[in-house]
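Chemist: No sequence on hand, only this structure:
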């Protein structure tokens, strides 16, 4: 791979757009980015916005690229991979998939086999540059290629490597589904404050800022969450009373049950998708 690899995106949806925007903000050159998708009007909008090269031909995009990022829906991935397989078998690029539920072996098989391949589980906060992604590389991926992938996904948030592909299910249940858990808490706090007489708009703004501030404190602090929680609590005070109520209501086992349910469903979906494309 060259020192300034050409990155090709097959798929031009919200996540691909977010990644490209982050890459450009982090110093990647637009001249080294290709994007392919069936909607030429959308592609021309991306070309004008980002200055990247675009095409409606997936094969041509693949042929230009040292790194191919597969950013299409899992349901059409087999067709897309089959289409570009002759090209990638000739050029041998690094392939990166952000599709949920499709294993590295499955993708490699659809692409003809023997390719360096990375699976990435990003999440929706990537759309605002605050993502959290788990990365897994097969044995064909070099250290230099890992650095390239890490630099791409670090441009839209946190990017951490996983030792085992099975861990992607756990990442899916944590950071993949996790934003919705916090939105649920946000919704509940806003509703409770509104019921107590606070204007709904004010309640939402206070709840959002409180959540963002707590996350920033956790990110900057040397203390674990348990100690940070204790730092807010005063004996006999309001926070202590609220925390006791959460604990008595079974918040911890409920969170564990929800996490396990999400992870179980991730594994089920992977099996379903593999069977559907056999």
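Modeler: Nice, I can see it. Small disclaimer: the values here were computed from a predicted structure and weren't measured.

Chemist: doesn't residue 132 fall inside a helix?
Modeler: No - using DSSP: H, G, I helix; E, B strand; the rest coil, the secondary structure at residue 132 is strand, not a helix.

Chemist: do you know how far it is from residue 33?
Modeler: Computed as CB to CB, to the nearest Å, the residue 132 to residue 33 distance reads 23 Å. Any C-beta I mention is one placed from the backbone N, CA and C, and that applies to glycine too.

Chemist: Compare these two (neighbour count), which wins?
Modeler: residue 33 (25 against 21; other CB atoms under 10 Å).

Chemist: Just the element for residue 28, please.
Modeler: In this structure, residue 28 sits in neither a helix nor a strand according to DSSP states H and E.

Chemist: got the contact list for it?
Modeler: 7, 152, 155 (CB atoms under 8 Å, 6 or more residues apart in numbering).

Chemist: which of those residues count as buried?
Modeler: 7, 152, 155 (16 or more other CB atoms under 10 Å).

Chemist: which one of these is nearest residue 47?
Modeler: residue 7 (15.1 Å; CB to CB).

Chemist: tell me the pLDDT at that closest one?
Modeler: On the pLDDT scale, residue 7 is placed at 98.

Chemist: all strands of the protein, in order?
Modeler: Per DSSP state E, the chain carries strands over the ranges 7-10, 33-36, 53-55, 67-70, 94-97, 117-121, 131-137, 157-161.

Chemist: Among those, which comes closest to residue 170?
Modeler: strand 131-137 (8.2 Å).

Chemist: any residues touching the closest one, and which ones?
Modeler: 18, 104, 116-126, 145-146, 149-150, 153, 156-162, 164-165, 167-168, 171, 175, 178.

Chemist: what are the pairing partners of it, and which direction each?
Modeler: strand 117-121 (antiparallel), strand 157-161 (parallel) (DSSP bridges).

Chemist: quick one: which of the contacts of residue 28 is nearest residue 83?
Modeler: Looking across those and measuring by CB to CB, the closest to residue 83 is residue 7, at 19.0 Å.
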